[in-house]
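Asker: test case, fold it:
(one chain, ligands or ions: 1)
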Amino acid sequence: MSKAIQIAVVGSGYVGLVAAVCFAEIGHDVICVDNDERKVAALESGDTLIHEKHLPELLVRYRNNRIRFTTDLGEATRESEAIFIAVGTPQSESGDADLSYVEAVACEIARSLTSYKVIVEKSTVPVYTNEWIRRAIERNGVGRRLFDVVSNPEFLREGTAVEDFLHPDRIVVGADSEAAASLLAAIYAPLTTGAYYQRPDAIRGSCSTAQPPPLLTTSTKSAEIIKHASNAFLALKISFINAVSNLCEVTDANIEQVARGMGLDSRIGPRFLRPGIGYGGSCFPKDVAAFRSVADQLGIDFSLLTEVEKINTQQKKRFLSKVRSALWTLRGKRLGVLGLAFKGETDDIRESPAVDLVEMLLAEGCFITAYDPAAMKRTEEQIAASRHLHYAEDAYAAAVDADALLILTDWKEFVDLDFKRLYTLMRYPIVVDGRNLFDPAEMHDLGFTYISIGRPAVYPTRDVEVATTAGV
Ligand code: UDX
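Answerer: Residues are numbered from 1 along each chain as shown. Here you go, the predicted model:
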């Protein structure tokens with residue numbers, strides 16, 4: 001059993017809360033700091049605030065023993081060896097990451113530094129942030145020997161965040177000092193030595209004692225770039241496959257076959273080749289914009305990233321055109337919408353292409369009845385229910401009298417929908433699927449017009465003749 005290290009995590013959002021709970025799970029003592037008193041009170045009472053697998057049980061297990069919550073950053077700093085900064089870095093109007101929260105936290109930490117501490121940036125930040133944090137602390141009168149600043153980017157995905165943290169593909173530690181690098185190595189030792197995976201109650205995943213995750217030590221600047229470059233590359237992969245799916249549509253090829261054929265090349269790999277209505281969420285859109293902006297400021301032409309963003313925006317417009325061409329005109333049409341979250345298994349709607357499409361369709365004068373298993377409350381806070389927008393209790397209620405049913409989020413529960421029942425509820429059996437959840441041949445056999453992404457559309461047999469004739 002390795003030594004328990006006293007850690008402070010500043011910011012209780014997705015990254016901060018998951019990191020805090022997982023540090024406790026691997027044996028450390030954690031103080032979780034947030035300046036929002038209501039959040040701290042909710043967490044103290046056992047409310048996890050976010051929809052994330054494993055989080056509730058881990059919070060129950062460690063609350064009031066290995067984890068405590070506070071608004072007092074000064075006290076948390078004094079009591080901890082390492083202070084992880086995991087506050088938000090939202091996108092500013094110019095596309096840059098807004099680092100004002102990071103700066104405010106750094107200055108407050110500086111005011112409480114009386115013995116050596118390692119300050120760790122875990123938020124996604126542009127290259128050189130590490131240096132700025134160091135300068136901000138020094139400007140507050142703290143000597144260089146009292147602290148080090150380390151970059152330890154987090155790669156977790158929403159919905160699988162706890163598992164991603166405990167079973168990472170890699171742990172990246174960007175450190176310019178030996179002392180700081182060895183403290184971070186000690187913090188992650190339960191994972192990198194494989195000890196954690198031996199525990200009978202360990203959360204299972206891809207890593208094991210025989211195959212523990214590697215820890216990569218780099219310079220601070222490299223670590224900062226690794227995080228931005230990884231997210232930008234994944235976004236590029238998605239935009240690339242979306243562009244190829246558009247090519248498949250005009251040639252009557254099938255993107256599923258093309259993606260499989262590409263993904264079997266081990267240099268490309270099969271993941272992140274799912275076409276759809278574009279990427280969203282709290283990371284990819286913001287990080288691509290921030291990385292592009294960093295490159296601009298450093299005089300590097302990285303217009304490839306502008307194209308990635310352009311394709312992502314076009315993908316939503318293209319989906320809107322598909323709905324229009326399925327229905328001829330949009331004004332006054334009744335649409336059932338399944339999915340509002342930016343991806344399945346989360347309640348997060350930040351930068352959700354599904355919510356963007358709902359707004360675009362409302363602007364076209366459609367009447368929408370939407371259903372999402374977890375994200376309706378959040379969506380309703382952004383777009384209130386109205387004569388034009390209703391929120392339904394389940395997928396079947398959303399389909400009643402619909403001129404078409406749109407699939408906008410890849411929720412697992414949608415895969416098991418009873419389409420025979422949906423057929424009887426809808427006004428016209430038309431499904432426009434932005435996530436390729438269903439098999440076109442099966443949808444054809446069930447009598448649907450089924451339009452998806454990058455695959456030939458199928459029509460009920462009678463309409464096939466009409467469509468073919470019309471296309472000649
Ligand atoms: C992402 C990164 O994966 C993670 O490493 C980083 O720390 C935060 O950002 P997340 O935003 O939770 O995680 O979701 P992810 O599963 O990566 O999906 C991002 C978006 O891309 C979603 O909108 C998803 O629907 C879309 N996507 C993903 C596709 O359209 N096609 C794919 O093949 C994969």
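Asker: please count neighbours and contacts with C-alpha atoms only from this point.
Answerer: OK.
Asker: which residues touch the closest residue to Q91 other than its chain neighbours?
Answerer: Computed as Cα to Cα, 6 or more residues apart in numbering, the closest residue to Q91 that is not its neighbour in sequence is A97, at 4.7 Å. By Cα atoms under 8 Å, 6 or more residues apart in numbering, A97 lies in contact with 89-91, 125-126, 286-287, 290.
Asker: tell me the pLDDT at A97?
Answerer: According to the prediction, A97 has pLDDT 89.
Asker: ditto for S452
Answerer: Here, the pLDDT recorded for S452 equals 98.
Asker: ok, how many other residues are close to it?
Answerer: Applying the criterion other Cα atoms under 10 Å, we find 25 residues in the vicinity of S452.
Asker: ok, the residue lying closest to it once chain neighbours are set aside - contacts?
Answerer: Leaving aside its chain neighbours, S452 sits nearest to D433 (4.7 Å; criterion: Cα to Cα, 6+ apart). Taking Cα under 8 Å, 6+ apart, we find D433 in contact with 406-408, 450-453.
Asker: and D433, its phi and psi?
Answerer: In terms of degrees, to the nearest 10, the main-chain angles of D433 are phi -110, psi 110.
Asker: same question for the one 3 residues further on.
Answerer: Backbone geometry at N436, expressed as degrees, to the nearest 10, gives phi 50, psi 50.
Asker: so it sits against I255, correct?
Answerer: No. With contact defined as Cα atoms under 8 Å, N436 does not count as touching I255 (10.0 Å).
Asker: could I get the contacts of A97 as CSV with pLDDT and distance to A4?
Answerer: Output for the contacts of A97, formatted as CSV (pLDDT from 0 to 100; distance: Cα to Cα, whole Å):
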residue, pLDDT, distance to A4
T89, 90, 30
P90, 89, 33
Q91, 87, 36
V125, 89, 28
P126, 91, 31
K286, 94, 35
D287, 95, 34
A290, 95, 36
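Asker: so which of those are in helices?
Answerer: The subset of these located in helices under the criterion DSSP state H comprises 286-287, 290.
Asker: just give me the closest of the residues you listed to G174.
Answerer: D287 (18.8 Å; Cα to Cα).
Asker: contacts only, for the spatially closest residue to the closest one that is not a sequence neighbour.
Answerer: Residue nearest to D287 in three dimensions, not counting chain neighbours: H228, with 6.2 Å by Cα to Cα, 6+ apart. Going by Cα under 8 Å, 6+ apart, H228 touches 124-126, 287-288, 291.
Asker: state the distance from R139 to L58.
Answerer: Distance from R139 to L58, counting by Cα to Cα, to the nearest Å: 39 Å.
Asker: can you check V18 too?
Answerer: In this structure, V18 and L58 are 10 Å apart, going by Cα to Cα.
Asker: ok, A235 next?
Answerer: When distances are taken as Cα to Cα, A235 and L58 turn out to be 31 Å apart.
Asker: ok, the two, which is more surrounded?
Answerer: Comparing A235 with L58 by neighbour count (other Cα under 10 Å), the higher total belongs to A235, at 24 against 17.
Asker: give me the neighbour count for P126.
Answerer: P126 is surrounded by 24 other residues when neighbours are defined as other Cα under 10 Å.
Asker: which one is it nearest to, not counting chain neighbours?
Answerer: In space, P126 comes closest to E224 once its chain neighbours are excluded; the distance is 6.2 Å by Cα to Cα, 6+ apart.
Asker: ok, that neighbour - contacts?
Answerer: When contacts are counted by Cα under 8 Å, 6+ apart, E224 is found next to 124-128, 151, 153, 174.
Asker: try 10 Å
Answerer: Remark: with contacts taken as Cα atoms under 10 Å, 6 or more residues apart in numbering, E224 is in contact with 121-130, 150-153, 172-174, 218.
Asker: show me how far stretch 262-277 is from its chain's centre.
Answerer: Relative to its chain's centre, stretch 262-277 lies at 18 Å (Cα atoms, centre = their mean, to the nearest Å).
Asker: surely V258 is within a helix?
Answerer: Yes. Inclusion of V258 in a helix is indicated when DSSP: H, G, I helix; E, B strand; the rest coil is applied.
Asker: do you know the pLDDT at it?
Answerer: V258 carries a pLDDT score of 98 in this model.
Asker: residues contacting it?
Answerer: When the contact criterion is Cα under 10 Å, 6+ apart, the partners of V258 are 241, 244-245, 248, 273, 454.
Asker: out of these, list just those in helices.
Answerer: Per DSSP H, helices hold the following members of these: 241, 244-245, 248.
Asker: of those, closest to the ligand?
Answerer: The nearest member of the ones in helices among the contacts of V258 to the ligand, counting by Cα to the nearest ligand atom, is I241 at 8.2 Å.
Asker: strands along the stretch 251-400 of the chain, start to end?
Answerer: If you assign secondary structure with DSSP state E, counting those that start in this stretch, the strands in the stretch 251-400 of the chain sit at 334-338, 367-371, 389-391.
Asker: flag every residue of the stretch 201-350 of the chain that's near the ligand.
Answerer: Remark: the part of the stretch 201-350 of the chain in contact with the ligand comprises 238, 272-276, 278-284, 342-343, using Cα under 6 Å from any ligand atom.
Asker: need the contact list for the residue lying closest to G205 once chain neighbours are set aside.
Answerer: Leaving aside its sequence neighbours, G205 sits nearest to H167 (Cα to Cα, 6+ apart; 5.9 Å). With Cα under 10 Å, 6+ apart as the criterion, the residues that contact H167 are 156, 161, 191-192, 197, 203-208, 212-213.
Asker: export those as a markdown table, with columns for secondary structure and distance to N312.
Answerer: Rendered in a markdown table, the data for those read as follows (DSSP: H, G, I helix; E, B strand; the rest coil; distance: Cα to Cα, whole Å):
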| residue | secondary structure | distance to N312 |
| --- | --- | --- |
| L156 | coil | 22 |
| A161 | helix | 24 |
| L191 | helix | 36 |
| T192 | helix | 37 |
| Y197 | helix | 39 |
| I203 | coil | 35 |
| R204 | coil | 34 |
| G205 | coil | 31 |
| S206 | coil | 31 |
| C207 | coil | 33 |
| S208 | coil | 37 |
| P212 | coil | 36 |
| P213 | coil | 32 |
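Asker: can you redo those residues as TSV with neighbour count?
Answerer: What follows is those, written out as TSV (neighbours: other Cα atoms under 10 Å):
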residue	neighbour count
L156	19
A161	23
L191	26
T192	24
Y197	24
I203	14
R204	12
G205	12
S206	13
C207	20
S208	18
P212	22
P213	21
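Asker: distance to S303 and pLDDT added to these, as CSV?
Answerer: CSV is the format used below for the contacts of H167 (distance: Cα to Cα, whole Å; pLDDT from 0 to 100):
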residue, distance to S303, pLDDT
L156, 27, 94
A161, 31, 95
L191, 38, 98
T192, 38, 98
Y197, 43, 98
I203, 42, 97
R204, 41, 97
G205, 37, 97
S206, 36, 97
C207, 37, 98
S208, 41, 98
P212, 38, 98
P213, 34, 98
